[in-house]
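Novice: Please work out how this folds:
(chains A, B and C)
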Amino acid sequence: MNLMAQLPVLPVVIPFVAGALALLLPKGRAPWAWATFVSWLSFLASALLLREVAATGPVSYHLGDWPPPWGIEYRIDLANAIVLALVSGIAAAVAPFAYESVRAEIDERQSPYFYAAFLICVSGLLGVTATGDAFNIFVFLEISSLSTYALVAMGGRQDRRALTAAFTYLVMGTLGATFFVIGVGLLYHATGTLNLADLHLKLAGQHNRVVEAGFAFILVGIGLKLAMFPMHLWLPNAYAYAPSAVSAFLAATATKVAVYVLVRFFYSVFGLDFAFLGDALTYVLLPLGVAGMFVASLIAVFQHDVKRMLAYSSVGQIGYMLLGLSFGTREGLAAALIHLVNHGLMKGALFLAVACVVYRLGDHRCAAFSGLARRMPVTTWAFVLSGLSLIGVPGTVGFVSKWYLLEASFAAGHAWAAFMIVASSLIAVLYVGRVVELMLLREPPEQGPLSEPVKEAPLSMLIPMWALVAANLYFGLRTEFTAGFAEQAAAALMTVSGGR
Amino acid sequence: MSPQEAPGLTANLLIDLSLLTLLVFVALAMLRSRHLFAVVMLSGVYSLLSASFFVSLDAVDVAFTEAAVGAGISTVLMLAGMLLTARREKPARPRRAPVALLAVAAVGTALIYASLDMPAFGDPDSPANAGVGRDYLERTPKEIAVPNVVTAVLASYRGFDTLGEVMVIFTAGVAVILLLGAGSARGGRAVTDAEEDA
Amino acid sequence: MIDLAFIAERYNYWIFIVLMMIGVYIVISRGNLVKKIVGLNIFQTSVFIYYISIGKVAGGTAPILPAAYESGHEGKGARASAAHGESAPAPGAASGESLHAAPQSAPEALPANDLASAVAQTPQGAGPSGEAGLHAAPGEAANPLLAPPDGAGDAASALGEAAHKAAEIVYSNPLPHVLILTAIVVGVATTAVGLALAVRIREAYGTIEEDELEAADDIAEFGAAFGEKAEGARA
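Specialist: Just a heads-up that it's a prediction; the model follows:
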């Protein structure tokens, strides 16, 4: 069998099968080693796929050899190849990191189940990204969500609030997924097909109420999943109380995949000819995006818990992506895609740095970060550099994102939006600066449990963390991979959707 | 659809309508009751009613699954969950009601708005019924020697969905073991039923 | 303006909407975690009702192709020869009626599923093995009267009748059924995980009422519960 011909499904199928097999492994190191190996394999497949798609254009793979629209199709173009590479790349960085962190936070007897759930979650997110079938999106969304609920609840060993956070996430996530299914049902009712490309053809010229409602339900359903501003209530607690490694993986991937799904439906399914989309962009996405940028960022400033602060910051950063999307232009779409990847890189690195602190100090409240530069300098500098990236300092990926967003705002004639982006970045300076000030300028606590002398985090954690920090800097200088691919992807999506 | 074929009050339609109306009453009873035991039992009734509704709509496979999984497994799960947690629901906090009503009204309005443009119920030429679904009826006998088209689509054309469905169950199993199995740091607290007045 | 047919055509959808609203209302307004899961269940089941309603075809039956059709498709083996054996005598009033009925009702059966053409094609697809007896098989199954085993031309006309007979059967759309089979399983999986979480929460907090959970968290973090939550916890 020619393995290269199967390449489009490999990133999904490898962790899918491996997740089930992980249960057979003995507890201890073996499940972790397996998960690490598998996520690297999946990353390799995604990277090869990205290279192939960039060289030869979109790839279509027919599962079970049934041609679409009768069978399920995997359709990989640049837009989802990038997201596949991001998700599997973050998994490949978090998996090696997880060993020490998970050993400290989770009972050893649970390790086979934990890594099985991790791999299933990776596979689910990749499946959502790769598929070209609307109902298949729902199935894989649920695979990833169910494993995520369990993974978040694993933080209950440290803090019982993880359990309530997971429950809230389950309720909101299921509501979101079911809304999505209603939306898909309405579209099916109006078109008779589930294949995304076929939907686009059949929806062309349809402007009836069924399609409009279908659009609204998909927007709300995915909006819940991606923590669009007023629907973000599940996110801060879930990210704050999940096990540290899980927070890092989820923060860098889960909401990004949901943003991708939204992009796919907006541009590949509905298209800019669909008048309702234009209204939704202007009257829903734009205000909610801007509101998220400010309100969530401001809430972040007042958090006493660094993980919660980063979680609120994530809600704010999603606002940037929605703002980029809301312009409805090629530049805006490209900027949103660039920020999607870049935000994954910076949030991944930041949460890993917090995980190192939690590993040594057992706490993720601000107090634990006091005087950290003297105690854990390597971790501190990783946090500082990725924090600068979050703010958008030149030389980092954050700057690339902001630059493209600013350009897109001017190109779309929204100069005020550019002002908003800069103003909101200043809030990021506040909340990142607050932690950086604690780490660099304060003394370590002199009494209490946090005053015990601590060592730097082990190398198995430092190396993956610095790999992500390095990615933040590398892609900040060499923009042809992120920005270049994203611009091509945006151009291709725009051609399909009938925009300019 | 020509006028003389418009669905009159045939027996089938009457069964259909009465089952649906019953469903609404059961759902309302579930909303009102605070005896969780009664609510769980009603949810079993609800599933059985919807299963019979599925039969009247020709979805025998779905009806069978709903009766087995929805009315059977799901009810057992809920019964177990209820016995391990609480038997009674405390009165709802009134502050939530406006938010809930607002959300529900918005969603309901959107759907009723959509329903005005929906193809008529049972319309054989609605896009959904004329689309891929009809193709399956034509293709299955030629391509797959299985008389039950639902099985053919489930196992072959959309077999990947079914594989995903198996994975969903597997994931749920892993999740439950993670939550309640060995090493999950459960407190061994005995569950006592809080006996209080309704 | 009020059109009874219009209402009848949409009754299913409106019931789906009402059930869905009740489900969502329970999820949002109720504080008890088990009740919330029950609400989610109602919500999900209402979506099943919607999907299945989409796929209903008026006058249709379950999408399981009939045995006669199946034997015609396979065109060999025990079924065909059994039909062959029966064909010789059996002139019956009932079959005569059905013969008359078929052409009349066929045009009414609008969707027709194009089964007629599918049946007509099948014997050609069977290829070189198609001897007269085998060709006749579907026809015989449908109407023994018209299919004497010796006439190939008669067999062909019988085939046409069989096609009409097949066209009479209208099937409901199988695709929504397939999707909902998957969705039912997903719903139960979610219920299981949600209940497991509720059990853990009960063990960790001693309650599954949302107000009391929030109050307990506030007390743990700030030393006091606030506002309405505090009252809820005391109640």
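Novice: and residue A:60, what are its phi and psi?
Specialist: Main-chain dihedrals, residue A:60, degrees, to the nearest 10: phi -120, psi 130.
Novice: who's it bridged to?
Specialist: Beta-bridge partners for residue A:60, by DSSP bridges, are residue A:75.
Novice: ok, now how distant is it from chain B?
Specialist: Separation of residue A:60 from chain B (CB to the nearest CB, to the nearest Å) stands at 14 Å. Glycine gets a C-beta too; all of them are placed from N, C-alpha and C.
Novice: For chain B, which segments count as helices?
Specialist: Per DSSP state H, chain B carries helices over the ranges B:11-32, B:36-56, B:60-65, B:74-85, B:96-115, B:127-130, B:132-143, B:149-152, B:159-180.
Novice: Next up, the contacts around the residue of the stretch 101-250 of chain A found nearest chain C.
Specialist: The minimum distance from the stretch 101-250 of chain A to chain C, using CB to the nearest CB, falls at residue A:160 (4.2 Å). The neighbourhood of residue A:160, defined by CB atoms under 8 Å, 6 or more residues apart in numbering or on different chains, consists of C:201, C:204-205.
Novice: my read: residue B:176 touches residue C:194, true?
Specialist: No - using CB atoms under 8 Å, residue B:176 makes no contact with residue C:194, being 10.3 Å away.
Novice: So those two - more neighbours on which side?
Specialist: A count of neighbours by other CB atoms under 10 Å in any protein chain shown puts residue C:194 above the other of residue B:176 and residue C:194, at 28 against 21.
Novice: what comes up buried for stretch B:104-120?
Specialist: Across stretch B:104-120, burial judged by 16 or more other CB atoms under 10 Å in any protein chain shown covers B:104, B:107-108, B:110-112, B:114-115, B:117-120.
Novice: Can you show me the CA trace of it as PDB?
Specialist: Taking Å, rounded to 0.1, in the frame of the first residue of the first chain, the C-alpha atoms of stretch B:104-120 are listed here in PDB:
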ATOM      1  CA  VAL B 104     -35.100  30.200  24.600                       C
ATOM      2  CA  ALA B 105     -37.300  32.800  22.900                       C
ATOM      3  CA  ALA B 106     -34.400  33.900  20.700                       C
ATOM      4  CA  VAL B 107     -33.700  30.400  19.600                       C
ATOM      5  CA  GLY B 108     -37.400  29.500  19.100                       C
ATOM      6  CA  THR B 109     -38.100  32.600  17.100                       C
ATOM      7  CA  ALA B 110     -35.100  31.900  14.800                       C
ATOM      8  CA  LEU B 111     -36.400  28.400  14.200                       C
ATOM      9  CA  ILE B 112     -40.100  29.300  13.700                       C
ATOM     10  CA  TYR B 113     -38.900  32.000  11.200                       C
ATOM     11  CA  ALA B 114     -37.000  29.200   9.400                       C
ATOM     12  CA  SER B 115     -39.900  26.800   9.500                       C
ATOM     13  CA  LEU B 116     -42.000  29.100   7.400                       C
ATOM     14  CA  ASP B 117     -39.700  28.500   4.400                       C
ATOM     15  CA  MET B 118     -39.200  24.800   5.200                       C
ATOM     16  CA  PRO B 119     -40.300  22.300   2.600                       C
ATOM     17  CA  ALA B 120     -43.600  20.700   3.700                       C
END
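Novice: quick check, distance from stretch A:425-437 to the centre of its chain.
Specialist: Per CA atoms, centre = their mean, to the nearest Å, the displacement of stretch A:425-437 from the mean C-alpha position of its chain is 22 Å.
Novice: ok, residues contacting it?
Specialist: Residues from elsewhere that reach stretch A:425-437 (CB under 8 Å, 6+ apart): A:294, A:297-298, A:300-301, A:303, A:306, A:309, A:313, A:316, A:366, A:369, A:383-384, A:387-388, A:390-392, A:402.
Novice: now swap in stretch A:202-220 and tell me
Specialist: A:176, A:179-180, A:182-187, A:189-193, A:231, A:262, A:265, A:269-271, A:273-277, A:280, A:284, B:110-111, B:113-114, B:116-118, B:127, B:131.
Novice: circling back to that earlier point, could you dump the buried residues of stretch B:104-120 to JSON lines with pLDDT?
Specialist: Rendered in JSON lines, the data for the buried residues of stretch B:104-120 read as follows (pLDDT from 0 to 100):
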{"residue": "B:104", "pLDDT": "92"}
{"residue": "B:107", "pLDDT": "91"}
{"residue": "B:108", "pLDDT": "92"}
{"residue": "B:110", "pLDDT": "90"}
{"residue": "B:111", "pLDDT": "91"}
{"residue": "B:112", "pLDDT": "89"}
{"residue": "B:114", "pLDDT": "89"}
{"residue": "B:115", "pLDDT": "88"}
{"residue": "B:117", "pLDDT": "85"}
{"residue": "B:118", "pLDDT": "86"}
{"residue": "B:119", "pLDDT": "85"}
{"residue": "B:120", "pLDDT": "82"}
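Novice: For chain A, tell me which of these show up nearby.
Specialist: Residues of the buried residues of stretch B:104-120 in contact with chain A (CB under 8 Å from any CB of the partner chain): B:110-111, B:114, B:117-119.
Novice: quick check, nearest of those residues to residue B:49?
Specialist: Distances from residue B:49 to those, taken as CB to CB, are shortest for residue B:111 (21.2 Å).
Novice: show me what contacts the closest one?
Specialist: Shown in contact with residue B:111 (CB under 8 Å, 6+ apart): A:182, A:213, C:13, C:16-17, C:20.
Novice: sorry, back to before: which one of the helices of chain B lies nearest to residue A:411?
Specialist: Among the helices of chain B, helix B:96-115 comes nearest to residue A:411, with 33.3 Å by CB to CB.
Novice: Measure how buried the residue of chain B found nearest chain A is and give me the count.
Specialist: At 1.9 Å from chain A, residue B:131 is the closest residue in chain B, using CB to the nearest CB. Close neighbours of residue B:131, defined as other CB under 10 Å, add up to 22.
Novice: Apart from its neighbours in sequence, what residue is nearest it?
Specialist: residue A:192 (1.9 Å; CB to CB, 6 or more residues apart in numbering or on different chains).
Novice: what about chain C, any weak spots by pLDDT?
Specialist: C:1-3, C:67-168, C:224-235 (pLDDT under 70).
Novice: Quick check: next helix or strand after the helix ranked longest in it?
Specialist: Looking across chain C with DSSP H, the single longest helix is helix C:174-205. Next helix or strand after helix C:174-205 toward the C-terminus (DSSP states H and E): helix C:210-222.
Novice: Using PDB, write out every CA atom in that following helix.
Specialist: Provided in PDB are the C-alpha atoms of helix C:210-222 (Å, rounded to 0.1, in the frame of the first residue of the first chain):
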ATOM      1  CA  GLU C 210     -25.100  25.000  41.300                       C
ATOM      2  CA  ASP C 211     -25.800  27.800  43.800                       C
ATOM      3  CA  GLU C 212     -24.300  25.800  46.700                       C
ATOM      4  CA  LEU C 213     -21.300  24.800  44.600                       C
ATOM      5  CA  GLU C 214     -20.600  28.500  43.800                       C
ATOM      6  CA  ALA C 215     -21.100  29.500  47.400                       C
ATOM      7  CA  ALA C 216     -18.700  26.700  48.500                       C
ATOM      8  CA  ASP C 217     -16.100  28.000  46.000                       C
ATOM      9  CA  ASP C 218     -16.500  31.600  47.200                       C
ATOM     10  CA  ILE C 219     -16.200  30.600  50.800                       C
ATOM     11  CA  ALA C 220     -13.000  28.600  50.000                       C
ATOM     12  CA  GLU C 221     -11.500  31.500  48.100                       C
ATOM     13  CA  PHE C 222     -12.800  34.700  49.900                       C
END
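Novice: for that helix, packing partners?
Specialist: helix A:161-191, helix C:174-205, helix C:227-234 (3 or more CB pairs under 8 Å, 6 or more residues apart in numbering or on different chains; DSSP states H and E).
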